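J.: prediction below, plus the sequence it came from.
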Amino acid sequence: MIDIPSTIRISFRALRVNKMRSALTMLGIIIGVGAVITMLAVGTGAKQRLGDQLASIGSNLIMVVPGASTAGGVRMGAGTQSTLSLDDAEAIQKECPAVLYVAPVLSGTAQVIFGNQNWSTGINGTTASMLSVRTGL
């Protein structure tokens, strides 16, 4: 039969004798459990955010993207060449009665300077109807 009080006494004595080993073991366990909890929380949060963003797009949204450009034999991808104009957006609005809202978007990059800071940043421009397109109102 196991003597529980004696076992507990021996355990505490071993912890007292090996303080550094005990502290490092506890620290490792705490960091490991904390890392697992943090990664689960980040994963769950990212999944929720992605779901919210996909839900905000709606099921009846169509995006028309201009053609792709090629530079040095490399295809740059859809939307890299400006083949659509504001007139195209207006024509879609006029000619397609099933289309409720049209919100053209123009993207580019620009140099932004403020004080001694100098940044290259992306710029997106659109019309006031973008709010109606994104919310579906």
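T.: Sure, I can see it.

J.: how much space between residue 4 and residue 15?
T.: Residue 4 sits 17 Å away from residue 15, going by C-beta to C-beta, to the nearest Å. C-beta coordinates here come from the backbone N, C-alpha and C atoms, glycine included.

J.: which one's more surrounded, these two?
T.: Set side by side, residue 4 and residue 15 show more neighbours around residue 15, with 14 against 8, by other C-beta atoms under 10 Å.

J.: now the strand or helix carrying that one - C-alpha only, CSV.
T.: Following DSSP states H and E, one finds residue 15 within helix 4-17. What follows is helix 4-17, C-alpha atoms only, in CSV (Å, rounded to 0.1, in the frame of the first residue of the first chain):
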residue,chain,number,x,y,z
ILE,A,4,0.4,9.2,0.6
PRO,A,5,1.7,11.6,3.3
SER,A,6,5.2,10.1,2.9
THR,A,7,5.1,10.4,-0.9
ILE,A,8,4.0,14.1,-0.6
ARG,A,9,6.8,14.8,1.8
ILE,A,10,9.4,13.2,-0.5
SER,A,11,8.1,15.2,-3.4
PHE,A,12,8.3,18.5,-1.6
ARG,A,13,11.8,17.7,-0.5
ALA,A,14,12.9,16.9,-4.1
LEU,A,15,11.4,20.2,-5.2
ARG,A,16,13.3,22.1,-2.5
VAL,A,17,16.6,20.4,-3.3
